[in-house]
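**Q** Sequence first, then the predicted structure, then my questions.
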Amino acid sequence: MRIARFVAQGDPTFGVVELAEDQGPFPETVAVLSGDPLAGPVKYTGERLALADVRLVAPVIPRSKVVGIGRNYVEHAAEQQAEVPSEPLVFFKPNTSVIGPGEPIVYPPETANLHYEGELAVVIGRICRRVPVEMAAEVIFGYTVANDVTARDLQSADGQWARAKGFDSFCPLGPWIATHIDLAEAGKLDIVTTVNGEVRQSGNTEDMVHSIATLIAHVSAFTTLLPGDVILTGTPAGIGPMNVGDKVSVTISGIGTLTNPILAED
Ligand code: MG
């Protein structure tokens, strides 16, 4: 199923999205859930809203962290004139960088080279530490689409990546969490990034250097993962700039499309 977080009126609410591809020529809907599926059991309330009538927000606000993985695709490492790391290269993005579909990525005045990075995001479903590779599937709640927005000039100037990747709005997530994709399928998904409709990145998750299971094992070996934590699995080749006024979209097959406009900071 596809679990979205949305605002219709009042506070954000979770719901199960039913698309036309699931149910034929009917209006696309959201079946409303009581509670937060990442926090405990939930029920259908019986209410059903038209998808067009709700505003989707980030499907998860990580309680503790967004974990990023650098240079996890060979061709992307090459375009950065960098080696593929023999072990996963890990960084953090603050949870305050998370925004939802349609919300603006704010172009800060500190950078002159703001880049998109379309990525598959793994949403963790249970508290875990030192997860063996063969148990990784059991700690995954689902998958969503991410844009690991990066101030490329600050990334090289600072050395540490906290600022380059950590500004508010630098972690768009959405449009929803797909929970029906298994670990094997997640390793064979097309990722396409477009800017104003023009294709800039076209990759497949099968080209990851370190697999999703390896990333979960590696990250959980040093830090406890909590339900709602997110791991960004790296970006394929084709990174490039976004400018104020652009619209950037990342599409992952079987999940959906995450679109955000770029706005100047006022
Ligand atoms: Mg990245």
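**A** Perfect, thanks for sending it.
**Q** Which single residue in the chain comes nearest to the ion?
**A** Going by C-beta to the ion, the ion is nearest to residue 148 of the chain, at 3.4 Å. C-beta here means a position set from N, CA and C on the backbone, and glycine is covered the same way.
**Q** Might you report the residue contacts of that residue?
**A** Counting by C-beta atoms under 8 Å, 6 or more residues apart in numbering, residue 148 makes contact with 68, 93, 117, 119, 165, 170, 171, 232, 235.
**Q** same question for stretch 111-124, mean pLDDT?
**A** For stretch 111-124, mean pLDDT rounds to 98.
**Q** In it, which of the residues would be classed as buried?
**A** For stretch 111-124, a neighbour-count test (16 or more other C-beta atoms under 10 Å) marks 111, 114, 115, 116, 117, 118, 119, 120, 121, 122, 123, 124 as buried.
**Q** ok, of the residues you listed, which one's closest to residue 83?
**A** Nearest to residue 83, judged by C-beta to C-beta, of those is residue 117 at 18.3 Å.
**Q** Now distance to the ion too, for the contacts of residue 148, in a markdown table please.
**A** As requested, these are exported to a markdown table (distance: C-beta to the ion, whole Å):
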| residue | distance to the ion |
| --- | --- |
| 68 | 6 |
| 93 | 9 |
| 117 | 4 |
| 119 | 6 |
| 165 | 7 |
| 170 | 10 |
| 171 | 10 |
| 232 | 6 |
| 235 | 4 |
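**Q** Make TSV out of those residues and add distance to residue 210.
**A** Output for the contacts of residue 148, formatted as TSV (distance: C-beta to C-beta, whole Å):
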residue	distance to residue 210
68	13
93	18
117	16
119	13
165	19
170	23
171	20
232	13
235	13
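**Q** What parts of the protein come near the ion?
**A** For the chain, the residues in contact with the ion (C-beta under 5 Å from the ion) are 117, 148, 235.
**Q** how does it look with 6 Å?
**A** 68, 117, 119, 148, 232, 234, 235 (C-beta under 6 Å from the ion).
**Q** Give me the helix or strand of the protein that scores worst on average pLDDT.
**A** helix 20-23 (a mean of 71; mean pLDDT, DSSP states H and E).
**Q** in the helix or strand following that helix, what's buried?
**A** Counting by DSSP states H and E, the next helix or strand C-terminal to helix 20-23 is strand 29-34. Neighbour-count burial for strand 29-34 flags 29, 30, 31, 32, 33 (criterion: 16+ other C-beta under 10 Å).
**Q** can you pull up the bridge partners for the second one?
**A** On the basis of DSSP bridges, residue 30 is bridged to residue 17, residue 49.
**Q** Does it touch residue 55 like I think?
**A** No: counting by C-beta atoms under 8 Å, residue 30 sits too far from residue 55 to count as a contact (11.0 Å).
**Q** Identify the contacts common to the two.
**A** By C-beta under 8 Å, 6+ apart, the residues touching both residue 30 and residue 55 are residue 6.
**Q** Nearest spatial neighbour of residue 7, chain-adjacent residues omitted?
**A** Excluding the flanking residues, the one nearest residue 7 by C-beta to C-beta, 6 or more residues apart in numbering is residue 55, at 4.8 Å.
**Q** Just give the number of residues close to the one you found.
**A** 12 (other C-beta atoms under 10 Å).
**Q** now the residues of the chain next to the ion as JSON lines including distance to residue 78?
**A** Shown next, in JSON lines, are the residues of the chain next to the ion (distance: C-beta to C-beta, whole Å):
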{"residue": "68", "distance to residue 78": "19"}
{"residue": "117", "distance to residue 78": "15"}
{"residue": "119", "distance to residue 78": "18"}
{"residue": "148", "distance to residue 78": "18"}
{"residue": "232", "distance to residue 78": "20"}
{"residue": "234", "distance to residue 78": "13"}
{"residue": "235", "distance to residue 78": "13"}
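**Q** just to revisit the earlier point, could you dump the buried residues of stretch 111-124 to TSV with distance to residue 256 and secondary structure?
**A** Shown next, in TSV, are the buried residues of stretch 111-124 (distance: C-beta to C-beta, whole Å; DSSP: H, G, I helix; E, B strand; the rest coil):
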residue	distance to residue 256	secondary structure
111	28	coil
114	24	strand
115	22	strand
116	17	strand
117	18	coil
118	13	strand
119	14	strand
120	12	strand
121	12	strand
122	15	strand
123	14	strand
124	20	strand
